[in-house]
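Undergrad: just the structure for this:
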Amino acid sequence: MRLLVLYLFLDYIPGALLKQTCKHYDVAKYLNITEREDLLLMTMPKNNWTEPLLITVDLVFISILDVMWKNDFLSWDPQQFCNISHITVPLSYFWVPDLYFLEQVVEDASPWMRYANVSHEGIITALKPMRLTSTCILDFYYFPFDIQKCSVTITSTMHLESSIVLKSLKNSSEIRSEEEKFVVDHGEWHPLDLVVKEKPLNGYSTLLCTVVIQRQSSLYVFALILPSFFLLILDLLSFYIPRSYNEKISFKITVLLGISVLTLILNDLLPASSDAPPIIVLFVIGTMSLMTAGILETIFVMYIGGKILRPDSTSAKTNLLYEGNMLKSCSEEVKLEEEKVLEGGVVWMLERICRDMHLVKEQILSLRSTKELEAKCAMFQEKIEKLVFYIHLVLVTAFYVTLFIKWKW
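TA: Below you'll find the model as predicted:
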């Protein structure tokens, strides 16, 4: 009978344990957090004071997610409390590491989250989303295709490396994958990489976080670079306008005014920098210089053509004087010829006609030679214009190829 009762009692115990209910309060009461407040809050939570306390920082591109450290005074057996392995306790009961950003220029006003997560091994996880405003040296030489690197150093303000050691929870690849989950809109910048290195600095343990970001250049390409390039193409195509140099110059000046408007837009978009001017400034200035050179080339061709075809002023005056004398002499000869026709008859009249026909022939030959000379001059002017255009085209190509190679790499 006793054996049967003992068997039933032993069979009842596992069932009673399975029906046991537990609360987080039981774990907190077991840890006796409130009565040990001086031990948990006032001092660094570690048993061996000769070993540093390991603090793990988990961060992404936008903020620090959480900070974890081990408290040697907080631990329990989960099996004694229905496998409860984590509890949530107000953070104000615990010691919190003093982490600081060396590059921070504006004091962060975001507080720690009120509650911390405590594991059965004594790992405390505290959360503090924050917005960091820091200094960073930017290089705008390759704007808008620039890639910037900004570094942020996390360290302790009071405890040396012998007391606190900082460590990153994730490596760089894991941080980048987490960043894609949290960041929806990057704005003007696109993050390329986030590298975290652990290194000592003046006896303090630090985490050096280097953020690599690239500017979204599509806005500047479509709003500034492509319009400038298209205006330059229009300036080059003005070479094929039918021969009217006045229209060519008017067209080129209009295109030059268009690039001047884009220069005003660049002045608004370009970030302020005291270093060397960015390549985009050289791009716009070079484009304007090439357009201005095109106008000067057209004026030069016009001048050369006018200089070749310009008649000699002395010969023109001589011709006018000769024509005036001819008119006078002709008016006087008409009267004499009328008298000689009556006296000399038909023979003299035929001789006179032959002499006049010879003069007409010489005049026609003179006009023909003048037209041939003008045609040759026009051909020479056209050759000069083509030569100047091809030289200008080579300069434009060399300028843009050099600029884009330097811009991209």
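Undergrad: shouldn't residue 22 be in contact with residue 79?
TA: No: Residue 22 lies out of contact with residue 79 (CB atoms under 8 Å); the separation is 10.6 Å. The way it works is simple: take the backbone N, C-alpha and C, and place the C-beta from them, glycine included.
Undergrad: work out which residue lies at the spatial centre of the chain.
TA: Closest to where the C-alpha atoms of the chain average out (CA atoms, centre = their mean) is residue 144, at 1.4 Å.
Undergrad: pLDDT value on residue 47, please?
TA: Note for residue 47: predicted pLDDT of 78.
Undergrad: and the strands in the stretch 201-350 of the chain?
TA: Here the stretch 201-350 of the chain has its strands, by DSSP state E, counting those that start in this stretch, at 204-215.
Undergrad: what do you get for the stretch 1-150 of the chain?
TA: Using DSSP E, counting those that start in this stretch, strands in the stretch 1-150 of the chain cover 53-59, 64-70, 86-90, 99-101, 115-119, 123-127, 147-156.
Undergrad: what's the closest of those strands to residue 200?
TA: strand 147-156 (9.5 Å; CB to CB).
Undergrad: what are the pairing partners of that closest one, and which direction each?
TA: strand 99-101 (antiparallel), strand 204-215 (antiparallel) (DSSP bridges).
Undergrad: only the buried residues of the first one, if you could.
TA: In this case it means strand 99-101. 99, 101 (16 or more other CB atoms under 10 Å).
Undergrad: now do the last one
TA: Within strand 204-215, the residues scored as buried using 16+ other CB under 10 Å are 204-209, 211, 213-215.
Undergrad: contacts for it next, please.
TA: Residues outside strand 204-215 that contact it (CB atoms under 8 Å, 6 or more residues apart in numbering) are 52, 57, 59, 61, 102, 143-156, 159-161, 164-168, 188-200.
Undergrad: mark which of those residues are buried, thanks.
TA: Buried among the contacts of strand 204-215 (16+ other CB under 10 Å): 52, 57, 59, 61, 102, 143-146, 148, 152-156, 159, 161, 164-166, 168, 191, 193-194, 196.
Undergrad: which parts of stretch 240-257 are buried?
TA: 248-249, 251-252, 255-256.
Undergrad: pLDDT (mean, whole number) over it?
TA: Here the average pLDDT along stretch 240-257 is 82.
Undergrad: now swap in stretch 137-146 and tell me
TA: The model assigns stretch 137-146 a mean pLDDT of 84.
Undergrad: repeat that for stretch 209-229.
TA: 86.
Undergrad: how long is that stretch from one end to the other?
TA: Using CA to CA, to the nearest Å, one end of stretch 209-229 lies 40 Å from the other.
Undergrad: which residues of the protein fall in helices?
TA: 2-18, 24-31, 37-41, 172-182, 218-220, 226-237, 245-269, 279-309, 313-344, 346-408 (DSSP state H).
Undergrad: rank those by pLDDT, which is bottom?
TA: helix 2-18 (a mean of 39).
Undergrad: surely residue 265 is in contact with residue 224?
TA: Yes: the criterion here is CB under 8 Å, and residue 265 meets it with residue 224 at 6.2 Å.
Undergrad: of these two, which one has the most company?
TA: Shown here are residue 265 and residue 224; by other CB atoms under 10 Å, residue 224 has more neighbours (20 against 15).
Undergrad: and that one, how far from residue 254?
TA: Distance, residue 224 to residue 254, using CB to CB, to the nearest Å: 19 Å.
Undergrad: same check, this time on residue 281
TA: 23 Å.
Undergrad: repeat for residue 82
TA: In terms of CB to CB, residue 82 sits 84 Å off from residue 254.
Undergrad: and if you look at residue 35?
TA: Relative to residue 254, and taking CB to CB, residue 35 is found at 87 Å.
Undergrad: which residues sit in contact with residue 248?
TA: 238, 241, 298.
Undergrad: ok, the last one touching residue 245?
TA: Yes: counting by CB under 8 Å, residue 245 is a contact partner of residue 298 at 5.9 Å.
Undergrad: burial count for residue 233?
TA: Using other CB under 10 Å as the criterion, residue 233 is surrounded by 10 other residues.
Undergrad: brain fart, residue 388
TA: Around residue 388 there are 19 residues (other CB under 10 Å).
Undergrad: can you count the residues close to the nearest residue to it once chain neighbours are set aside?
TA: In space, and not counting its chain neighbours, residue 388 is closest to residue 297: 4.8 Å by CB to CB, 6 or more residues apart in numbering. For residue 297, the neighbour count with other CB under 10 Å is 18.
Undergrad: now do the same contact list for residue 297.
TA: For residue 297, the contact set (CB under 8 Å, 6+ apart) comprises 388-389, 392.
Undergrad: can I get the residues you listed in a markdown table with distance to residue 124?
TA: As requested, the contacts of residue 297 are exported to a markdown table (distance: CB to CB, whole Å):
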| residue | distance to residue 124 |
| --- | --- |
| 388 | 79 |
| 389 | 77 |
| 392 | 72 |
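Undergrad: burial count for residue 54?
TA: So residue 54, with other CB under 10 Å, has 14 neighbours.
Undergrad: contact partners for it?
TA: 69-70, 165, 167.
Undergrad: can I get those in CSV with distance to residue 138 and pLDDT?
TA: Output for those, formatted as CSV (distance: CB to CB, whole Å; pLDDT from 0 to 100):
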residue, distance to residue 138, pLDDT
69, 35, 89
70, 39, 88
165, 32, 90
167, 30, 88
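Undergrad: now, among these, which is nearest to residue 95?
TA: The nearest one, if we look at the contacts of residue 54 relative to residue 95 and count by CB to CB, is residue 69, at 8.7 Å.
Undergrad: grab the nearest non-local neighbour of the closest one.
TA: residue 55 (4.5 Å).
Undergrad: measure that neighbour to residue 97 for me?
TA: From residue 55 to residue 97 the distance is 5 Å (CB to CB).
Undergrad: shared neighbours, these two?
TA: Joint contacts of residue 55 and residue 97 (CB under 8 Å, 6+ apart) are 67, 69, 164.
Undergrad: fine by me, we can end here.
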